[in-house]
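Q: Structure here, sequence nowhere to be found:
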C-alpha cells in the first residue's frame, strides 16, 4: 500500500470530481438539497465501499476518514453553486473525471491485493472501485447505469488495473507500478474521449428502419 | 446502548409502519404476494442493515431477531388486508411513520457510536438508518427514491441525530439525550407535515413556459 | 456443508444459466460488452454475495473461487454468440434456470445454517441466494424486479429451503435432505412452468374498464 503522496492528492481530486458528477445528476433529477448531497457522497465513496464490503474490510474506508465526506460535500456544494458555469466547462470535468477513474482503478486493485485477493479479483476490484460509485448514482436516480452502456470507461479501469497487477508480477515496486498503470488508464480513457471510441455493442443488429 | 424500554416498543412500531409503507408501494406496483412481503421486509429492516454493513457489525441486526421479521410480515399482511381502509387513514400512517423516523434516527446514531464511529459519521448513520429502507423500497419498485426528492424527511433525521450527538457531547446521559433528540426529530417532521414545508430545491430555475 | 459432488456440478450449471439470463437482459437493454459481462456476473454471483454480506461471511464466496467468475464470463460469452439461437431455445433455458433455482435455494440455506443462523433465517437466505442475483440484474437494467412480480419462483425457493430445514430438523443427514429438498423445489417450479401457475396478486381489484 502506502501510495505516493501525489496519489493521495489525486485520489481526493477523484473523489471531488465524482461527487460533482453525482450532484449534477441529482440536480438534473430535481432532487432536494439532501438528495443532492447524498448522491454526491454515494457517487464519490460508493465504489470503494462496495469493494470493501466484498473483500470484508470493515469498517468501510470512509468511516474513519471524515475528510473524504467533507470533500464530497464540497463537491456537491460546488455543483449546486457552479451549476450554470459547469455546463460550459464540461470539458474540464470530463478530464478530471478521467484522472479520478485512473487513480481509483489502481487504488482499488492495491486495496484488494493488500486484503489478500488473487490478482484476477484485484483487477476486477479496481474496475469496481472506479465505476460502481457511478452505478449507484444512476440506480438511485432511476437511470440505466451509464458506464454499462457507453464508452471505454470501465474497460479503461479494467485494463489499467490489469497493467498494475502485471507490473507487480513482473517485479516492479508498488510506487512506479501504480504510477505507470494510472497513466496507462488515463491514456486509454483520454484516447476514448478524444477519438470518440466506444466499446463494441453486441446487441442484435437493427435493420435500416429500426 | 441499552435504550429505555419505551424506545424498544417505539422501534418495533417504526418497523411495523415502515413495513406497511413498503407493502403499500409494492401493491401499487402490482407485485405478487412474495414481492409484497419482501418489499415490506426490506423497507423495515433495510436502513439498519445498510448501517450495520457499513460499520462492519455482523451478522446484521435482524439475523438474530426473528421478532423483527415477524413484525415486518405482520405489517405487510395488514397492508394487504387493510388496503382499502388505509387510503382513508393515510393521516394515521404519516404520523406513525414520523414516529418511526424519529426512533430509527436515534437508534442508528446510537449503534454507530457504540461501534466506535466518530460523531459526524454517527449522525450520518442515524439518517441512513431512518431513510435507506425507503430508498431500497423505491429502488426495488423502480421509482426515484422519494426521500431524495421531497419534504423535510431525511433532513429531520439528520438534525435529530445531530441533536443526539450534541446532547451526549454536552454530558447528558444516553437515555434523556435519546428521548429529547427523538422528540426533536418528531417535532421537525411534524412541522414539515403540518405546514407543508419542503427542503429547498436547487435545480436551475425554470422560465414561465417550462 | 460438504455437499455431494453432484451438487457442486449443479451449482456451476446454475451459475452458468443465471449468467446467461443476466447477459441476455443486458443485451436487450443495449449495453456494451463490459455491461453485458458485468450483468452476467452480478446475476450469477449476486444472490450468494448478498447472503454472505448479511451473514457476515467474508470475503464473499467468489473472491476465493475464480472458477465461478470464469463460468459467469463463459455464460455471458455464450449469450452474446448464441443470442439468435437462444430465442428459439428459451425452453431449455427455463428448465436449466429452474435447476439453478433449486440448487441455489438449498446451498443458500446450507450456508446460513453453517454460519449459525436460526432455521427461519436460513430458509429466507435460501430464497435470497436463489433470487437476488435476478433482483440485482433487474435493478441494474432499470426494470422492476421480475421475481417480485411474477410466477411461483421465489416462492418455490422459499418452500424448498423450508423443506430442507424441516428434513434436517427431522433428523435426516445433510446429503439426502439437500437432494430431496432440491427436487421438491424443482418440482414446484416445474409445475408452475407447465401449468402456468402464478402467485396470487393482491392489488386492489380493477373494474371492467380499468
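A: Done, it's in. Worth saying up front: this structure is predicted, and the values here are computed from it rather than measured.

Q: Would you map the helices across chain A?
A: A:5-28, A:33-55, A:66-88, A:90-114, A:119-140, A:154-169, A:174-195 (DSSP state H).

Q: If we ignore the residues flanking it in sequence, what's nearest residue A:57?
A: Distances taken as C-beta to C-beta, 6 or more residues apart in numbering or on different chains place residue A:115 nearest to residue A:57, at 5.6 Å, with adjacent residues excluded. Heads up, the C-betas are built off the backbone N, CA and C, glycines and all.

Q: Equivalent analysis for residue A:161, please.
A: Closest to residue A:161 by C-beta to C-beta, 6+ apart is residue A:126, at 2.7 Å.

Q: and the gap between the residue nearest the centre of chain A and chain C?
A: Most central in chain A under C-alpha atoms, centre = their mean is residue A:130, positioned 3.0 Å from the mean C-alpha point. To chain C, residue A:130 is 12 Å away according to C-beta to the nearest C-beta, to the nearest Å.

Q: which residues touch residue A:42?
A: Neighbouring residues of residue A:42 by C-beta atoms under 8 Å, 6 or more residues apart in numbering or on different chains: A:22, A:133, A:136-137, A:140.

Q: In CSV: the residues you listed, plus distance to chain C and pLDDT.
A: Listed next are those as CSV, based on distance: C-beta to the nearest C-beta, whole Å; pLDDT from 0 to 100:
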residue, distance to chain C, pLDDT
A:22, 17, 91
A:133, 14, 94
A:136, 10, 94
A:137, 13, 91
A:140, 10, 92
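
Q: Tell me how many other residues crowd the residue in chain A that chain C sits nearest to.
A: Residue nearest to chain C within chain A: residue A:56 (2.5 Å; C-beta to the nearest C-beta). Neighbourhood size, residue A:56 [other C-beta atoms under 10 Å in any protein chain shown]: 18.

Q: Chain B contacts on chain A?
A: For chain A, the residues in contact with chain B (C-beta under 8 Å from any C-beta of the partner chain) are A:26-36, A:38-39, A:49, A:53, A:58-60, A:63-64, A:66, A:69, A:80, A:83-84, A:139-142.

Q: Please pick the buried ones from the residues you listed.
A: Among those, those buried by neighbour count (16 or more other C-beta atoms under 10 Å in any protein chain shown) are A:26-27, A:29, A:31-36, A:38-39, A:49, A:53, A:58-60, A:63, A:69, A:80, A:83, A:139-141.

Q: Please spell out the ChimeraX selection for the buried subset of the contacts of residue A:42.
A: To isolate the buried ones among these in ChimeraX, judged by 16+ other C-beta under 10 Å, type:
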select /A:22,133,136,137,140
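
Q: on that earlier part again, any chance of JSON lines for the helices of chain A, columns distance to residue B:111?
A: Converted to JSON lines, the helices of chain A look like this (distance: least, C-beta to C-beta, whole Å):
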{"stretch": "helix A:5-28", "distance to residue B:111": "26"}
{"stretch": "helix A:33-55", "distance to residue B:111": "17"}
{"stretch": "helix A:66-88", "distance to residue B:111": "18"}
{"stretch": "helix A:90-114", "distance to residue B:111": "26"}
{"stretch": "helix A:119-140", "distance to residue B:111": "23"}
{"stretch": "helix A:154-169", "distance to residue B:111": "34"}
{"stretch": "helix A:174-195", "distance to residue B:111": "36"}
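
Q: Can you pull the residues of chain A lying near chain C?
A: Applying C-beta under 8 Å from any C-beta, we find that chain A lies next to chain C at A:53-56, A:58, A:115, A:117-118, A:120-121, A:124, A:135, A:139, A:142-145, A:147-151, A:154-155, A:158, A:198-204.

Q: what's stretch A:93-108 in contact with?
A: Here stretch A:93-108 has contacts from A:3, A:7, A:10-11, A:13-18, A:20-21, A:47-48, A:51, A:86, A:125-131, A:153, A:156-158, A:160-161, A:164, A:178, A:181-183, A:185-186, A:189-190, A:193, using C-beta under 8 Å, 6+ apart.

Q: rerun that using 6 Å as the cut-off
A: A:10-11, A:14, A:17-18, A:51, A:125-126, A:129-130, A:157, A:160-161, A:164, A:178, A:181-182, A:185-186, A:189 (C-beta atoms under 6 Å, 6 or more residues apart in numbering or on different chains).

Q: which residues does the residue of chain A found nearest chain B contact?
A: Per C-beta to the nearest C-beta, the residue of chain A with the smallest distance to chain B is residue A:58, at 2.5 Å. Contacts for residue A:58 (C-beta under 6 Å, 6+ apart) come out as residue B:56.

Q: Roughly how far does it sit from residue C:42?
A: Plainly put, residue A:58 is 22 Å away from residue C:42 if you go by C-beta to C-beta, to the nearest Å.

Q: got it, and residue A:115?
A: From residue A:115 across to residue C:42, the span is 20 Å (C-beta to C-beta).

Q: Then residue A:170?
A: Taken as C-beta to C-beta, the span from residue A:170 to residue C:42 is 31 Å.

Q: Same check on residue A:79?
A: Using C-beta to C-beta, residue A:79 is found at 29 Å from residue C:42.

Q: can you list the weak-confidence ranges in chain A?
A: For chain A, the stretches with pLDDT under 70 are A:1-4, A:6, A:87-90, A:150, A:199, A:201-210.

Q: now do 80
A: Across chain A, the ranges flagged by pLDDT under 80 are A:1-7, A:10, A:84-93, A:146-151, A:196-210.

Q: sorry, back to before: what values do phi and psi take at the residue nearest to residue A:57?
A: Backbone torsions for residue A:115, taken as degrees, to the nearest 10, come to phi -90, psi 0.

Q: Does it touch residue A:55 like I think?
A: Yes - using C-beta atoms under 6 Å, residue A:115 is in contact with residue A:55, at 4.5 Å.
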